[in-house]
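*Asks:* turn this into a model:
(chains A and B)
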Amino acid sequence: MEKIQGKVWKFGDNVDTDQIIPAERLVSTNLTRLNDFIFEKVRPDVAGKVMKGDILVAGKNFGCGSSREHAPLSLIQAGFSCVVAESFARIFYRNSMNIGLLLVECGMDAKEGDKIEVCTGSGKVKNLATGKEFVFPQYPPFIAQLMECGGLVNLVKEGKF
Amino acid sequence: MGKTIAEKILSNRSGTDAKAGQIVVAEIDYVMVNDVTGPIAFREYEKIGTKKMFKERMVLIPDHYVPNKDVASAEQAKEMRVFAKTHGVDNYFEVGKGGVCHQIMVEEGFAAPGRLIVGADSHTCTYGGINAFSTGIGSTEAAVAFATGKLWFKVPETIKVELTGKFRKNIGGKDLIIKIITDIGVDGANYKALEFHGDGIKNMNVSERLTVSNMAIEAGGKAGIFPFDDLTKEYIKDTVKGNYVPVAADPDAEYCMTLKYDLSEIESMVAFPHLPSNGRAVKDTNVKIDQAYLGSCTNGRIEDMRTAANIVKGRTVHPDVRFLVVPATQKIYRQMLDEGLMQIFLDAGAFISGPTCGACLGGYMGILAAGEKAVSSTNRNFIGRMGDKNSEVYLAGPEVVAASAIAGRIITPDQMEGC
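*Replies:* Here you go, the predicted structure:
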């Protein structure tokens, strides 16, 4: 199973989709460069600085607000491999699973810049800076299959939906 | 054990005995996309590579950036128009014939009791106000619904909300939902449905119920569902498409939590920046405003316009305030003309535009500058939601928005003496 290591970008509770990608950037001509505008109103230091594989760590209710798929898409485009959060807003969770952004529902201690490791097989997140481990529950079978196929469109193409 | 409304509708549409916690694949009645979420859905649909398309279940409504804001949004709106034409999707609502998507879904009779409706817009939960199970989805999911006519759902647990009593004068559905969100938090109903019960419901008109259901998502809710009654039947009788079967909860349905509200105890509420859960009683606040906005899928219906016009009538908008009035659809615009409401708002010094979501999401037609404050009948007050990151949005109902436009600060109509 998948094991991912990356550097932490730390966020708080209730990070809404307007913060992730503001509505005024949601035009189809921007679809391939949404990462240029990521977090521009709240953390202008993020766009262009994410290294491929970095991990976003947040608190409760990450991705609340709009149903815009541009939000998880912009995180993928920016290079994030995964989002670890205490909880996710429902539509953001579905969108991410449906387009192949890995989400881990897990409360963990990590500081900005810490290196962490996510292992979906064992259901553990390890903070490599502190050595602390955190456990997260298994994905329901349907969600696991969705992730394995790389998203909903692939599931449909493979005749599994 | 009996079933909640959510469990019943998802059982009916999936052909299974659906209980909270299960994941089911269910047939949808309608799938809606707008000009922002549509283009991604169209691209994903093409990727699926199927010839199948459930056209009669698809509804395409440009509303976020139309009339076109700029060249980029014009291209985007064109993409939707071309897709509708190319694929022969009849349910497409061009500028001049449409408006804000959720009100169109209700007005045009796509939304109806007992139906399962999904929309690539988070406020799709609005139609719970007329007893539908409706919920927001993403664009990729919409594409899959175009191609297969179905979608996967996790059957939500349900929070029972018991309503008794009657609102006092100048207090309504918006005040109630701000109060609920403030009590349970912006994730208080995450992954869950709200289901409304009690004698108080008959004292709420359908427009107010739609307002309450609309903002279920601001508590993270998957749906906010009202029971069907005579008021619902009357509200939809001239417009509903096809047959519908209302759904009631079983008396022994299982709920994860129960909330109780006496409507007569609800006060005029305002949600402070930057979360809809930051509700306070208006009487305990003192906020000077630069803009007042009346409109949106939350409070842009004819009932909201009438309420606000009654308050504004014979008065003048405060000299330091821009008062923007944006009916949600062309139909409401025309009703306002017919009922003389346009005259009232114009005489007061309000700006009136045709329907668009524009200002609500900080798109265009009413953007706030740094440091500016707006009282708004919309649904979100996130950082920079209606403009600059240092602007502020205060959410309130049409009564408070109208009174505040006159006073220049956030007040209730009861505090208007001398204005």
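*Asks:* please count neighbours and contacts with C-alpha atoms only from this point.
*Replies:* Noted.
*Asks:* which residues does the longest helix anywhere in chain B contact?
*Replies:* Longest helix in chain B by number of residues (criterion: DSSP state H): helix B:71-87. Here helix B:71-87 makes contact (CA atoms under 8 Å, 6 or more residues apart in numbering or on different chains) with A:27-29, B:35-36, B:38-39, B:42, B:60, B:62, B:65-66, B:68, B:89-90, B:92.
*Asks:* now that helix: how far from the chain's centre is it?
*Replies:* Averaged C-alpha coordinates place helix B:71-87 at 24 Å from its chain's average position (CA atoms, centre = their mean, to the nearest Å).
*Asks:* repeat that for stretch A:31-47.
*Replies:* 15 Å.
*Asks:* go on, stretch A:14-21?
*Replies:* 12 Å.
*Asks:* any idea of the mean pLDDT in it?
*Replies:* The pLDDT scores in stretch A:14-21 average 97.
*Asks:* that stretch close to chain B?
*Replies:* Yes - Stretch A:14-21 reaches chain B (CA under 8 Å from any CA of the partner chain) through A:14, A:16, A:18-19.
*Asks:* now B:A26: which helix or strand?
*Replies:* strand B:23-27 (DSSP states H and E).
*Asks:* give me the sheet partners of that strand and which way each runs.
*Replies:* Taking DSSP bridges as the criterion, strand B:23-27 forms sheet pairs with strand B:150-154 (antiparallel).
*Asks:* in helices only, show me the contacts of helix B:71-87.
*Replies:* B:38-39, B:42.
*Asks:* from the residues of stretch A:14-21 next to chain B, which two are the most distant?
*Replies:* A:N14 and A:D18 (11.0 Å; CA to CA).
*Asks:* which of those two has more neighbours?
*Replies:* A:D18 (28 against 22; other CA atoms under 10 Å in any protein chain shown).
*Asks:* contacts only, for that one.
*Replies:* A:D18 touches A:65-66, B:382-385, counting by CA under 8 Å, 6+ apart.
*Asks:* what about B:M1, neighbour count?
*Replies:* Quick note: B:M1 (other CA under 10 Å) scores 8 neighbours.
*Asks:* residues touching it, list them.
*Replies:* For B:M1, counting by CA under 8 Å, 6+ apart, the contacting residues are B:252-254.
*Asks:* give me the buried entries from those.
*Replies:* When the contacts of B:M1 are checked for burial by 16 or more other CA atoms under 10 Å in any protein chain shown, the buried set is B:E254.
*Asks:* just put the contacts of B:M1 in CSV and tack on pLDDT and distance to chain A.
*Replies:* As requested, the contacts of B:M1 are exported to CSV (pLDDT from 0 to 100; distance: CA to the nearest CA, whole Å):
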residue, pLDDT, distance to chain A
B:D252, 98, 27
B:A253, 98, 23
B:E254, 98, 21
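*Asks:* do you know how far the spatially closest residue to B:S277 that is not a sequence neighbour is from chain A?
*Replies:* Residue nearest to B:S277 in three dimensions, not counting chain neighbours: B:T182, with 4.0 Å by CA to CA, 6 or more residues apart in numbering or on different chains. Note on B:T182: its distance to chain A, by CA to the nearest CA, to the nearest Å, is 14 Å.
*Asks:* buried stuff in stretch B:56-69?
*Replies:* B:57-68.
*Asks:* show me which residues of chain B sit near chain A.
*Replies:* Going by CA under 8 Å from any CA, the residues of chain B near chain A are B:23, B:36-37, B:39-40, B:44, B:47-49, B:72-73, B:75-76, B:120-122, B:136-141, B:144, B:186-187, B:190-191, B:217-218, B:220, B:222, B:361-363, B:380, B:382-385, B:389.
*Asks:* nice, that's everything, thank you.
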